[in-house]
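[1] okay, sequence plus prediction incoming.
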Amino acid sequence: MNKETNELVRKIDTGKNNTLATFQNADMEQMFNSKTLRKVKDILAHITYWEEMACKSIESFLKGEEFTVELPLDIDKHNQMVFEKFKDHSSQEVFDRYEDIQARFSNLVTECNSVNKGKEMVYPWGKSGTVSHLVIDMVDHEYTHCAQIKTHTLKTC
């Protein structure tokens with residue numbers, strides 16, 4: 001692995017460790033948003049879903065294709081569909097899925113960066129950029145939601 005790929009994998013691992021620590025220290029069944037009836041575990045399922053979509057984009061890019069998610073004008077409607085899809089999964093199932101997708105994401109980033117370093121790809125939400133920027137976007141997405149969980153947990157303790 002080259003230095004840039006090592007750094008990307010380190011970012012992914014650091015984000016994963018932060019996310020796991022955040023969610024393992026939270027009550028996964030606790031209501032996160034009483035208006036939408038979202039629980040803490042639903043937020044981890046949401047993160048996992050978008051990381052899986054990032055994996056699909058990288059897999060498509062490696063094949064010379066593009067993958068995007070068809071998004072409605074209201075992103076909240078799409079995210080609600082994601083929450084509905086995973087609402088019956090146990091907290092353990094959500095954790096296991098997250099860890100599986102994280103491993104897949106890290107492996108794909110390593111593979112892609114070795115053959116397509118610096119080339120632009122299409123992200124799942126339609127924006128274009130490099131794999132490096134996709135990693136930054138995905139890790140930032142995790143950190144944003146982790147901060148929300150930490151703030152929410154502090155308010156309810």
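    Thanks, I have it. Just so you know, these numbers come straight off a predicted model, no measurement behind them. Residues are numbered from 1 along each chain as shown.

[2] okay, Lys77: pLDDT?
    Among the per-residue scores, Lys77 shows a pLDDT of 80.

[3] report the buried residues of the helix or strand of the chain with the lowest mean pLDDT.
    Using mean pLDDT, DSSP states H and E, strand 31-33 stands out as the lowest-scoring helix or strand of the chain, at a mean of 77. Within strand 31-33, the residues that count as buried by 16 or more other C-beta atoms under 10 Å are Phe32. In short, each C-beta sits where N, CA and C put it, glycine included.

[4] ok, now stretch 30-43?
    Using 16+ other C-beta under 10 Å as the test for burial, stretch 30-43 gives 32, 38-43.

[5] could you do stretch 3-16 as well?
    Here stretch 3-16 shows 5, 8-9, 11-12, 15-16 as buried, counting by 16+ other C-beta under 10 Å.

[6] what does stretch 123-138 give?
    Buried residues in stretch 123-138, counted by 16+ other C-beta under 10 Å: 123-124, 130-132, 134-135, 138.

[7] give me the residues contacting stretch 7-21.
    Residues outside stretch 7-21 that contact it (C-beta atoms under 8 Å, 6 or more residues apart in numbering): 1, 44, 47, 95, 98-99, 102, 105-106, 109-110, 113, 131-132, 135-136, 138-139, 142-143, 145-146.

[8] how does it look with 6 Å?
    Applying C-beta atoms under 6 Å, 6 or more residues apart in numbering, the contact partners of stretch 7-21 are 102, 106, 109, 135, 139, 142, 146.

[9] select from these every entry located in helices.
    If you go by DSSP state H, those have 102, 106, 109, 135, 139, 142, 146 in helices.
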